[in-house]
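Q: Compute the structure for the input listed below.
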Amino acid sequence: MTFVIARRFGDRIIMAADTMISDQRTGRSDVIPGQLKAIILNNRVSVAYAGWSEVGLQAAREAKRILDAGGELDAVRATLLAATRRDTEFILISHMAATSLDRIWQGRVSPNLERTAIGKRTLEARIDALALEVPKIPLSDRSHEEDAFRGAAQKLFESIPVDDAVGGFGILLQASPIGHCYLPHAGVFGWDEIDLRAGPTAQQLADRQSGKTEWRYNVHSPRDYGVGVMGAVVPNAGVGYIYSPLTADVPRPWRFEPPV
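A: Numbers count the residues shown, from 1 in each chain. Purely as a prediction, here's the structure:
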């Protein structure tokens, strides 16, 4: 299972997704690195899936082949629709002509939506509640509603735990007539008691650095639009991952010396 949610703000659509994969065959979950499930196909089209990762990846790759060959969006919808027979559902975002946001699920297409979610849809209510707590950002060039949704999505994925089948890195995808891209951002998971008056002790700092009571992540994205590749790094663990789901079945890891 997973959780993917998308909201439309005029001609812009923001999609948020987790990376966790639950594997019932092994009795455990692949939380880090998991898999990138919100996938940019080109500068105008993106797709996300929930359900079987193998099915979702193959459907996204076939959709990419259709678009690269000059195929129409209806052919992409047909491919994703066929894949829903294997317990997988999709969100399709397009700016090929007019802005469109579709949910494709259980053999049907719900087109031209303002908002939708797949996977653990019960978490959508938590997003709405968290959005009410996001303050207005001075001088933002976006609407407060869009800023609140972005902030609420990040806050949700920083919850410990979010859900028994949702977690990992929080991914934000921005789709607009200019192009589709991943949004770079940082997140932190902490379960240590904080006392601003006394400040952290040496032991607390050591525990946070080791990942015992806190871990942080940074999401990095290409500078160009339309590239279905991104990176995520956990600084205090000295590990990062490059996600390229259209060409690689698993993220590619790299290791470095953690900062002191």
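
Q: Show the residue spans covered by the helices in the chain.
A: Secondary structure of the chain (DSSP state H): helices at 53-68, 73-83, 124-131, 144-157, 202-210.

Q: Low-confidence regions, the stretch 1-150 of the chain specifically.
A: Along the stretch 1-150 of the chain, segments meeting pLDDT under 70 span 23-28.

Q: hang on, the earlier thing: so which of the helices of the chain is nearest Arg44?
A: helix 53-68 (8.3 Å; Cβ to Cβ). Any C-beta I mention is one placed from the backbone N, CA and C, and that applies to glycine too.

Q: roughly how far is that closest one from the heart of the chain?
A: Remark: helix 53-68 is offset 17 Å from the chain centroid, using Cα atoms, centre = their mean, to the nearest Å.

Q: quick one, that helix and helix 73-83 angle?
A: 160 degrees (axes from the mean of the first three to the mean of the last three Cα atoms, to 10 degrees).

Q: list the helices and strands helix 53-68 packs on?
A: Helix 53-68 sits against strand 45-51, helix 73-83, strand 88-94, with contacts defined as 3 or more Cβ pairs under 8 Å, 6 or more residues apart in numbering; DSSP states H and E.

Q: Can you list the buried residues in it?
A: Residues 53, 55-64, 66-67 are the ones in helix 53-68 that count as buried (16 or more other Cβ atoms under 10 Å).

Q: Quick one: end-to-end length of stretch 42-56, please.
A: Start and end residues of stretch 42-56 are separated by 17 Å (Cα to Cα, to the nearest Å).

Q: mind listing what's buried in that stretch?
A: Those would be 42-51, 53, 55-56, for stretch 42-56 by 16+ other Cβ under 10 Å.

Q: next one: stretch 113-128
A: Of the residues in stretch 113-128, those buried (16+ other Cβ under 10 Å) are Thr116, Ala117, Ile118, Gly119, Lys120, Leu123, Glu124, Arg126, Ile127.

Q: Likewise for stretch 169-179?
A: Per 16+ other Cβ under 10 Å, stretch 169-179 contains these buried residues: Phe169, Gly170, Ile171, Leu172, Leu173, Gln174, Ala175, Ser176, Gly179.

Q: How far off centre is it?
A: The mean C-alpha position of stretch 169-179 is separated from the chain mean by 9 Å, Cα atoms, centre = their mean.

Q: go on, stretch 95-103?
A: 19 Å.

Q: Make residue 1 into 643 and carry on from there
A: In the new numbering, first residue 643, that becomes stretch 737-745.

Q: Now the terminal residues of it, how far apart.
A: Note: stretch 737-745 ends 15 Å apart using Cα to Cα.

Q: residues in contact with it?
A: 648, 650, 653, 655, 686-687, 715, 719, 731-736, 751-758, 760, 817-819, 822 (Cβ atoms under 8 Å, 6 or more residues apart in numbering).

Q: What of stretch 878-897?
A: 674-679, 681, 683, 699, 702-703, 706, 850-853, 856-858, 870-876, 898-901.

Q: cool, and stretch 716-724?
A: Contacts for stretch 716-724 (Cβ under 8 Å, 6+ apart): 687, 689, 701, 704-705, 708-709, 732, 734, 744, 746, 749-751.

Q: Looking at the residues you listed, which is nearest Ala773?
A: Asp744 (22.9 Å).

Q: Who does that closest one form a beta bridge with?
A: Leu734 (DSSP bridges).

Q: what's the burial count for it?
A: Residues within reach of Asp744, counting by other Cβ atoms under 10 Å, total 22.
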